[in-house]
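**Q** Model the following, please.
(2 chains)
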Amino acid sequence: AQTVTQSQPEMSVQEAETVTLSCTYDTSENNYYLFWYKQPPSRQMILVIRQEAYKQQNATENRFSVNFQKAAKSFSLKISDSQLGDTAMYFCAYIMDSNYQLIWGAGTKLIIKP
Amino acid sequence: GAGVSQSPRYKVAKRGQDVALRCDPISGHVSLFWYQQALGQGPEFLTYFQNEAQLDKSGLPSDRFFAERPEGSVSTLKIQRTQQEDSAVYLCASSPAVNTYGYTFGSGTRLTVV
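**A** All right, here's what the predicted structure looks like:
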């Protein structure tokens, strides 16, 4: 069965610093997709970044980038120049190709301090 | 609409009461999902609709949970005879089709059973 593990329940950094959130997953599939979602207090899940497993190049979206290590089954999120608005829960999620069920990690609470 | 809309935003129910939670997906989105998110946890899959057809209800925790999408747009999640363990945030998500680009989520309904 596929599982997603986020080993950091909570992290706290100063504004403008860089922070890395960890995620590991377990799967026997070769084709799949990985996501990082942000959930602020408003509760809406917001897609931050997406990675296709068959692409070696790491995805980037402005201040957000990932370090995707397929062999190690690791998918970490780096947030550069962190801002107060980045304060939220961050969830790592996995979906198998040709499937529809997202498998979620337990989340990391990120606090950006002024 | 511009986004996925869920109502009510908060619901307090007495144990044993029936509740109905509404999801209004993005217009034209074929796929619709319900997730249950317990406090401090990642979301757990409940059920999946493709248009009006409920293709997967394997995540519904008991026969007290029932979901419908009669016209292929608005969906309702009904919980009969609510129990304290039903307390959670119920998230709805939609997408144009089954896809691996990530789904658009609503802000959820926080259900508290007292």
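
**Q** wait, what's in contact with the residue of chain B found nearest chain A?
**A** When CB to the nearest CB is the measure, chain B has its nearest residue to chain A at B:Gly42, with 3.3 Å between them. From N, CA and C alone the C-beta is placed, and that goes for glycine too. B:Gly42 makes contact with A:Val4, A:Phe91, A:Ala93, A:Trp104, A:Gly105, A:Ala106, A:Gly107, according to CB atoms under 8 Å, 6 or more residues apart in numbering or on different chains.

**Q** need the contact list for the residue lying closest to it once chain neighbours are set aside.
**A** Here the nearest residue to B:Gly42 in space, its sequence neighbours aside, is A:Trp104; by CB to CB, 6 or more residues apart in numbering or on different chains that works out to 3.3 Å. Taking CB under 8 Å, 6+ apart as the definition of contact, the neighbours of A:Trp104 are A:Val4, A:Phe91, A:Cys92, A:Ala93, B:Gly42, B:Pro43, B:Glu44.

**Q** how many neighbours does B:Asp63 have?
**A** Under the neighbour criterion other CB atoms under 10 Å in any protein chain shown, B:Asp63 is assigned a count of 7.

**Q** Check the one 10 residues further on too.
**A** Counted by other CB under 10 Å, the residues lying close to B:Ser73 total 17.

**Q** So it is in contact with B:Arg22, correct?
**A** No. With contacts defined as CB atoms under 8 Å, B:Ser73 does not count as touching B:Arg22, sitting 11.2 Å away.

**Q** How many residues are close by the residue nearest to B:Ser75 when sequence neighbours are not counted?
**A** Ranked by CB to CB, 6+ apart and with sequence neighbours excluded, the top spatial neighbour of B:Ser75 is B:Arg69, at 4.1 Å. When neighbours are defined as other CB under 10 Å, B:Arg69 has 21 of them.

**Q** same question, A:Val13
**A** Using other CB under 10 Å, A:Val13 has 16 neighbouring residues.

**Q** So what touches the helix or strand bottoming out on mean pLDDT in chain B?
**A** The least trusted helix or strand in chain B, going by mean pLDDT, DSSP states H and E, turns out to be strand B:104-105, with a mean of 93. For strand B:104-105, the external contacting residues (CB under 8 Å, 6+ apart) are A:Gln44, A:Met45, A:Ile46, B:Gly3, B:Val4, B:Ile26, B:His29, B:Leu91, B:Cys92, B:Ala93, B:Ser94, B:Ser95.
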